[in-house]
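S.K.: Dropping the sequence and predicted coords here.
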Amino acid sequence: MKKVRGDRVGWFSGKEAGCENIRALITLIDYFVYLLAQRLKELGESHLERQEAMVTCYPGGGARYIKHCDNPNDNGRVLT
């Protein structure tokens, strides 16, 4: 993917060695989504399923975040 992306990306469950902080962040995000689902009818009625966390590093040399759509095919995801 080097020609498309300049960043370094990985997917983590938080259970990997050395990823305790990622696990803590995932736990906080899970709780936040739980609270949102209680308050937003559309989210509360959805099937919520979490995947591994995508973690990205922009190492410099022109690598940067570019605004994009995570769900261009409208596949039913309501929270990405």
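M.R.: Right, received. Where do you want to start? Numbering: from 1, shown residues only.
S.K.: Give me the neighbour count for H47.
M.R.: When neighbours are defined as other C-beta atoms under 10 Å, H47 has 6 of them. For the C-beta atoms, the positions are set from N, CA and C on the backbone; glycine is no exception.
S.K.: Check whether it sits in a helix, strand or coil.
M.R.: Following DSSP: H, G, I helix; E, B strand; the rest coil, the label given to H47 is coil.
S.K.: Now N75, what are its backbone angles?
M.R.: phi -90, psi 20 (degrees, to the nearest 10).
S.K.: hmm, which helix or strand of this structure has the shakiest average pLDDT?
M.R.: helix 41-44 (a mean of 80; mean pLDDT, DSSP states H and E).
S.K.: So for the helix or strand following that one, what gets flagged as buried?
M.R.: Next along the chain after helix 41-44, taking DSSP states H and E as the criterion, comes strand 53-57. Within strand 53-57, the residues that count as buried by 16 or more other C-beta atoms under 10 Å are A53.
S.K.: in the chain, which segments are predicted with low confidence?
M.R.: Under the criterion pLDDT under 70, the flagged ranges of the chain are 1-4.
S.K.: now the strands: where do they sit in it?
M.R.: 8-12, 53-57 (DSSP state E).
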